[in-house]
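S.K.: Here you go, sequence then predicted model.
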Amino acid sequence: MSQAIVRKPRVDAVRNRERVLEAAKAVFSAGGPDASLEAVARRAGVGIGTLYRHFPTREALFEAVYRREAEQLGDLAEQLKDEPKPVDALRHWLRCNVEFVATKKGMSAALALAAQASPELRSYTFGRLTKAASVLLDRAVAAGQSFMVRAEAVSLTGHRFPAGFSQERTAYIELTVKDDNGVLVYQSGYQVDKPHPETGESAPDGNLDDEDLEHLHAVVNPGSPTSPYQPGPAGNGHTNQVYELGPDSGPDSRVFSGAPRGLVLFRNELTRIFLPGEKVGRKDAAGNDIVLDRPHFEEVFSASFANAVDNYRSLAPLRPTLYRYEIQLPAAEELQALGLKLKGPLHVHAQINFEHFPPLFMRFLTRTTGAEGPAGHDLGLLNEQSIDKFLVNIRNIASDDFTVDLVEAQ
């Protein structure tokens, strides 16, 4: 069996190509898109045949120059992103863009022809320059403006992470943005200490491990005694009595519409797909059963009630996934009304936490196996004290920190 051999371009061929591109930039800048290709070859110090071997048509040369300009501006942004003064770095990069547009009108006309002929080229250069600009823009921000935080996650486990068929073994990103005085201006992946009277916790107990993330507020029907005991929904309940998005909502909007806000979590979820005409197990404001007029699905916390598993939120192995957070700072008027003045720089902190079981699910089990559950007596399996004892989460598996300059609005 023969094996194809892939040869790298010769050093002199690569050098000639770069000389032609540099010459084309100068010749087209002076003479416009109709300038002579022979003049390009002469300026590059190569024969016209060498030029055509690299660029068979005038349009191919235009496109190559266009890509090269976009790549150079993108590379410049990468070089400037670690400059100690991000505002100066952004100004330098913008000056390079303005200089190109203002002083190379002939080249701009040639590049416009290339972009018009190739939608793929327009898409590529737009993406490259947008990414380059965002690298610099997101290092400096003013009150009332927004900036983007990007988190890239990859599973190194050899299988989807986390493994499993339910909401147990959840990993999530905790993200905070604070000013230099510690004033919190953004948070995601957080919990709030609350009372849980349904399982005997009458007041906040100072423990966050037994609290759910604030992306979803739900209460699950634990069922009720039936005599004699009968399996099925009549006694076993398991429907969501309350199901609403919390202040840190995000998974659905991230997965299905790409919204750059809210919680980032990695897990497999038990879900139920409801069809038109089905009841969801909740009442409306008038006390009537909610009956669906369209397909609908939602997360559930009982395997017996689920009819599907959504593993889309778990991480695929060895495939990096990028998540974006759009951070909106309060405007100057809002800060003044609150009596606050933000002090720069802003401190961005992100960390990965691991949650063994959702506390909501544990409290559902506590109620289901308790005295008011389907069995009609307390099975003694779980209570609030055992939840507090055994539900210990792992925090700060990995973390990262960086700063964003806070500047005066212009």
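M.R.: Nice, I can see it. Numbering: from 1, shown residues only.

S.K.: Closest to the centroid, which residue in this protein?
M.R.: With distances taken as Cα atoms, centre = their mean, Tyr323 lies nearest the centre of the chain, 1.9 Å away.

S.K.: That one contacts Ser188, correct?
M.R.: No. If you go by Cβ atoms under 8 Å, Tyr323 and Ser188 don't touch, sitting 10.3 Å apart. Every residue, glycine included, has its C-beta placed from N, CA and C.

S.K.: quick one: low-confidence ranges for the stretch 301-410 of the chain?
M.R.: 409-410 (pLDDT under 70).

S.K.: same thing but 80
M.R.: Counting by pLDDT under 80, the stretch 301-410 of the chain has low-confidence residues at 408-410.

S.K.: where do the helices sit along it?
M.R.: Under the criterion DSSP state H, counting those that start in this stretch, the stretch 301-410 of the chain carries helices at the ranges 332-338, 359-368, 384-390.

S.K.: Go ahead and name everything in contact with the last one.
M.R.: Outside helix 384-390, the residues within contact range by Cβ atoms under 8 Å, 6 or more residues apart in numbering are His196, Thr199, Gly200, Glu201, Asp205, Asn207, Asp209, Asp210, Pro359, Met362, Arg363, Thr366.

S.K.: chain center to that helix: distance?
M.R.: On the basis of Cα atoms, centre = their mean, to the nearest Å, helix 384-390 sits 33 Å off its chain's mean C-alpha point.

S.K.: ditto for the second one
M.R.: Distance of helix 359-368 from the chain centroid (Cα atoms, centre = their mean) equals 30 Å.

S.K.: which residue ranges form the helices in this protein?
M.R.: 11-31, 37-44, 48-54, 58-80, 86-103, 105-117, 119-137, 233-236, 251-257, 332-338, 359-368, 384-390 (DSSP state H).

S.K.: What residues sit buried inside the longest one?
M.R.: In other words, helix 58-80. With burial defined by 16 or more other Cβ atoms under 10 Å, the residues of helix 58-80 counted as buried are 58, 61-70, 73-74, 76-77, 80.

S.K.: With stretch 46-54 instead?
M.R.: Val46, Thr50, Leu51, His54.

S.K.: residues contacting the residue nearest to Gly262 when sequence neighbours are not counted?
M.R.: Distances taken as Cβ to Cβ, 6 or more residues apart in numbering place Gly250 nearest to Gly262, at 2.0 Å, with adjacent residues excluded. Contact partners of Gly250, counting by Cβ under 8 Å, 6+ apart, are Ser188, His215, Ala259, Arg261, Gly262, Leu263, Val264.

S.K.: How much space separates Gly250 from Leu213?
M.R.: Distance of Gly250 to Leu213, computed by Cβ to Cβ, to the nearest Å: 10 Å.

S.K.: Same check on Ala371?
M.R.: Ala371 is 29 Å from Leu213, by Cβ to Cβ.

S.K.: who's more crowded, these two?
M.R.: Between Ala371 and Leu213, Leu213 has the larger neighbour count (other Cβ atoms under 10 Å), namely 24 against 11.

S.K.: wait, doesn't that one sit right on Gly189?
M.R.: Yes. Contact criterion Cβ under 8 Å: Leu213 and Gly189 qualify, at 6.6 Å.

S.K.: Report how many residues lie close to Glu211.
M.R.: Around Glu211 there are 20 other residues, counting by other Cβ under 10 Å.

S.K.: leaving aside the residues next to it on the chain, what's closest to it?
M.R.: Distances taken as Cβ to Cβ, 6+ apart place Gln191 nearest to Glu211, at 3.8 Å, with adjacent residues excluded.

S.K.: How about Ala316?
M.R.: Arg160 (6.0 Å).

S.K.: For the one you found, give me phi and psi.
M.R.: phi -60, psi 140 (degrees, to the nearest 10).

S.K.: still on that earlier bit, now do the shared contacts for Tyr323 and Ser188.
M.R.: Ile173, Val264.

S.K.: what about Leu175, distance to Glu18?
M.R.: Relative to Glu18, Leu175 is positioned 42 Å away (Cβ to Cβ).

S.K.: So for the two, which residue has more residues nearby?
M.R.: Leu175 (22 against 13).

S.K.: Mind pulling up the pLDDT for the more buried one?
M.R.: pLDDT, Leu175: 96.

S.K.: Run a quick neighbour tally on the residue nearest to Gly370 when sequence neighbours are not counted.
M.R.: In space, and not counting its chain neighbours, Gly370 is closest to Asp378: 5.2 Å by Cβ to Cβ, 6+ apart. Using other Cβ under 10 Å, Asp378 has 14 other residues around it.

S.K.: residue contacts, Asp378?
M.R.: For Asp378, the contacting residues are Thr369, Gly370, Ala371, by Cβ under 8 Å, 6+ apart.

S.K.: which strand in this structure runs the most residues?
M.R.: strand 394-407 (DSSP state E).

S.K.: Please identify the buried residues of that one?
M.R.: Buried, per 16+ other Cβ under 10 Å, within strand 394-407: Val404, Asp405, Leu406, Val407.

S.K.: which one of those is nearest Glu120?
M.R.: Val404 (33.5 Å; Cβ to Cβ).

S.K.: about what we covered before: mind putting the helices of the stretch 301-410 of the chain into a markdown table with distance to Arg150?
M.R.: Formatted as a markdown table, the helices of the stretch 301-410 of the chain follow (distance: least, Cβ to Cβ, whole Å):
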| stretch | distance to Arg150 |
| --- | --- |
| helix 332-338 | 26 |
| helix 359-368 | 30 |
| helix 384-390 | 36 |
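
S.K.: Among those, which comes closest to Leu156?
M.R.: helix 359-368 (27.3 Å).
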